[in-house]
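1. Build me a model:
(one chain, ligands or ions: 1)
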Amino acid sequence: MKASPKITKVSVTTFEHELENVGKDYNTFNMVYEAGSKLKQQGSILQIHTDQGIVGEFPAGGQGILDVQQVAEYLIGKDALARESIYNDTKRGLRHGAMLGVGLIDVCLWDIAGKLYDEPLYRLLGGEKKPLPAYASTLHGDENGGLTTPQDFADFAEQCYEMGYRSFKVHGWGLARSNIQREVDNVLHLGKQFEGRMDLLIDPACEIKNFGDALKLGRACDEAGFFWWEDPYQDGGVSQFAHRKLRQMVKTPMLQTEHIRLLEQHVDFIVADATDYVRAGAHEDGGVTGAMKIAHASEGFGLDVELHGPGPVHRHIMSSIRNTNFFELGLVHPKVKTTKAPVYLGYNDDLDGIDSEGNVYAPDGPGIGVPLDWDWIRAHQVDEGVLAEA
Ligand SMILES: [Mg+2]
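-> Numbering: from 1, shown residues only. Next comes the predicted model:
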């Protein structure tokens, strides 16, 4: 038996970079295409160090890092392989917040385990290397001549189809200042061109103002034969009652639970008949440990779990479960090269990251399995700090 690596230090490196031809829409929440615009972004790399010299590392957003700060001291001296107790303790420690730190820490611990055993995560999880069908998950609709009309979306879907994608997801326009008819027209237009050729998905990302407008969109999805619709309106994606009601009135399967956290809330949502597909994410739902718990709970209900967003960790999880359909390759746009920081070497989650049949694959290196590009990260670094140390 290998000796357990003990956690000796938790550190964070923060970097800044710019996305080309990307801006923000009217409410500053949605990234959209904007020719010539440069959008400044900040990101971090969380590192958990051990007494064996193995370092678990994972790119993280600022909110999650604030969480990690609160429990960093607790981690010092812990057995880095004791993921279950660390999951449960950090979940308890962060219960007043969004609990994003639970996932960031857990993914670093899985990275440590993979590096210790010299195996990629999917092999530690009992998975196998297999094609993972990806959907092109678009940037939000814009007013800038990118994805501005239903024909723009249809042209982009055609481009994706020719590249090999067999599934396409719309993130629509800013509905606070637009109207539901525009969204309905888009759905019907896509349905006419692609029903039977591509699985069509739509995610209003909780932006539709009210239940009535959400219902109009749901009925359009029925008419256009959509595969799923997701987070329709401004309840925030959390009302079990409202989504059960919508499910009674709309035939198109619904994908909820992106905006609730961890295993227990997901199971409650399923038991309340409030979703068809189950959303989970390693980043939001307690890491690999948390996402696998939700995947297996969903399996027990006979339901599929759909992982939120791209990244190598989701490729490993998807390679290790039966009950799932698609890898979310996003956010993509016909006129934007990338919406991500290039922190990984030899890894591609941009539009052209698929093979000719629309698939991606889990990486084979130890742990998360893709080396971080520390030359790039150091060149863009703006801060470095130790959150806790033995
Ligand atoms: Mg979503």
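
2. Partner strands of the top strand by length along the chain, with direction?
-> Longest strand of the chain, by residue count under DSSP state E: strand 31-50. Each strand paired with strand 31-50, and its direction, by DSSP bridges: strand 7-24 (antiparallel), strand 55-60 (antiparallel).

3. hey, which of those is tucked in deepest?
-> Among these, ranked by average contacts under mean count of other C-beta atoms under 10 Å, first place goes to strand 55-60 (a mean of 24). Any C-beta I mention is one placed from the backbone N, CA and C, and that applies to glycine too.

4. wait, which of the strands paired with strand 31-50 is closest to the ion?
-> Among those, the nearest to the ion by C-beta to the ion is strand 7-24 (17.9 Å).

5. which stretches of this protein aren't confidently modelled?
-> The chain contains residues with pLDDT under 70 at 176-177.

6. Name the single longest helix found in it.
-> As assigned by DSSP state H, the longest helix anywhere in the chain is helix 100-117.

7. Might you calculate how far that one sits from the centre of the chain?
-> 17 Å (C-alpha atoms, centre = their mean, to the nearest Å).

8. any chance of the strands paired with strand 31-50 in JSON lines, with distance to Leu387 too?
-> Shown next, in JSON lines, are these (distance: least, C-beta to C-beta, whole Å):
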{"stretch": "strand 7-24", "distance to Leu387": "4"}
{"stretch": "strand 55-60", "distance to Leu387": "12"}
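
9. got those strands as CSV, with distance to the ion columns?
-> What follows is those, written out as CSV (distance: least, C-beta to the ion, whole Å):
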stretch, distance to the ion
strand 7-24, 18
strand 55-60, 19
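
10. ok so, going back, run the angle between the longest strand of the chain and helix 100-117 for me.
-> Compare the direction of strand 31-50 with that of helix 100-117 by axes from the mean of the first three to the mean of the last three C-alpha atoms, to 10 degrees and you get 60 degrees.

11. for strand 31-50, which positions count as buried?
-> Residues 31-34, 39, 41, 43-50 are the ones in strand 31-50 that count as buried (16 or more other C-beta atoms under 10 Å).

12. Pick out the most distant pair among the residues you listed.
-> Glu34 and Thr50 (43.6 Å; C-beta to C-beta).

13. Could you list the contact residues of this structure toward the ion?
-> 203, 258 (C-beta under 5 Å from the ion).

14. Find the closest residue to the ion in the chain.
-> In the chain, the residue that lies nearest the ion is Asp203 (4.3 Å; C-beta to the ion).

15. Run a quick neighbour tally on that residue.
-> 22 (other C-beta atoms under 10 Å).

16. Report the central residue of the protein.
-> For the chain, the residue nearest the mean C-alpha position is Gly309 (2.3 Å; C-alpha atoms, centre = their mean).

17. got the contact list for the closest residue to it other than its chain neighbours?
-> Once flanking residues are discounted, Gly309 sits nearest to Glu328: 5.5 Å by C-beta to C-beta, 6 or more residues apart in numbering. For Glu328, the contact set (C-beta atoms under 8 Å, 6 or more residues apart in numbering) comprises 134-135, 137, 169, 306-310, 314.
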